[in-house]
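1. No sequence on hand, only this structure:
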């Protein structure tokens, strides 16, 4: 992976204020009950109440976010959020649903889609999600602890638009979901898919 530099927690702006934030070396964030990000598809609703701490992400750059959480509530989720505007964004990371931890992404261009696969073996791990921005795409990779990187998604994304990215969490069904973000870093985007 390319050389990285740490992004300080105070370098970002929240899309929606969380229930609480404690920033030391670790960023401990508690989500508001009912927070989520989704637009229309299959469910018919629009939720734009996620908590994302975002800073500019240019074409040719990547962002890495590492975190731990107690995965217990239906749809508890955390990872990386990348946003152009309210109708063009992606969230990538893990989500606890139906008794399983899922690794995936939601890509939204007017309506949302969702790709996901089980990673129950990651439940106790520190998880890192990496998003590289190319001229026409976002490339998502993830890993547990120091394990191998997995390619999660290649998603179309407008290279001409200004975008921002950073750590995110949401708790659609409960209060008290707290994520410990351990690292937020930037580097050059990955040069290859394989």
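-> On my side now, so go ahead. Being a predicted model, the structure only gives us computed values, none of them experimental.
2. For residue 120, give me its contacts.
-> 100, 101 (CB atoms under 8 Å, 6 or more residues apart in numbering). For every residue, glycine as well, the C-beta is placed using N, CA and C.
3. Dihedrals phi and psi, it?
-> phi -60, psi -30 (degrees, to the nearest 10).
4. now it: how far from residue 103?
-> 10 Å (CB to CB, to the nearest Å).
5. which residues are common contacts for those two?
-> With CB under 8 Å, 6+ apart, residue 120 and residue 103 have no common neighbours.
6. what mean pLDDT does the strand or helix carrying residue 131 have?
-> Element membership of residue 131 [criterion: DSSP states H and E] is strand 127-133. For strand 127-133, mean pLDDT rounds to 98.
7. what's it packed up against?
-> With contacts defined as 3 or more CB pairs under 8 Å, 6 or more residues apart in numbering; DSSP states H and E, strand 127-133 has these neighbours: strand 61-68, strand 76-85, strand 88-97, strand 137-144.
8. List phi and psi for the spatially closest residue to residue 69 that is not a sequence neighbour.
-> The spatially closest residue to residue 69, leaving aside those adjacent along the chain, is residue 179, at 4.4 Å (CB to CB, 6 or more residues apart in numbering). With angles defined as degrees, to the nearest 10, residue 179 sits at phi -110, psi 140.
9. Check whether residue 179 really touches residue 65, as I assumed.
-> No - applying CB atoms under 8 Å, one finds residue 179 not in contact with residue 65, separated by 10.0 Å.
10. so what sits against both of those two?
-> By CB under 8 Å, 6+ apart, the residues touching both residue 179 and residue 65 are residue 167.
11. List the buried residues in stretch 181-194.
-> 181, 182, 183, 184, 185, 186, 187, 189, 190 (16 or more other CB atoms under 10 Å).
12. counting contacts, what elements does the helix or strand hosting the fourth one pack onto?
-> Taking DSSP H and E as the criterion, the element that holds residue 184 is strand 178-188. Strand 178-188 makes packing contacts with strand 4-6, strand 27-30, strand 61-68, strand 164-170 when contacts are defined by 3+ CB pairs under 8 Å, 6+ apart.
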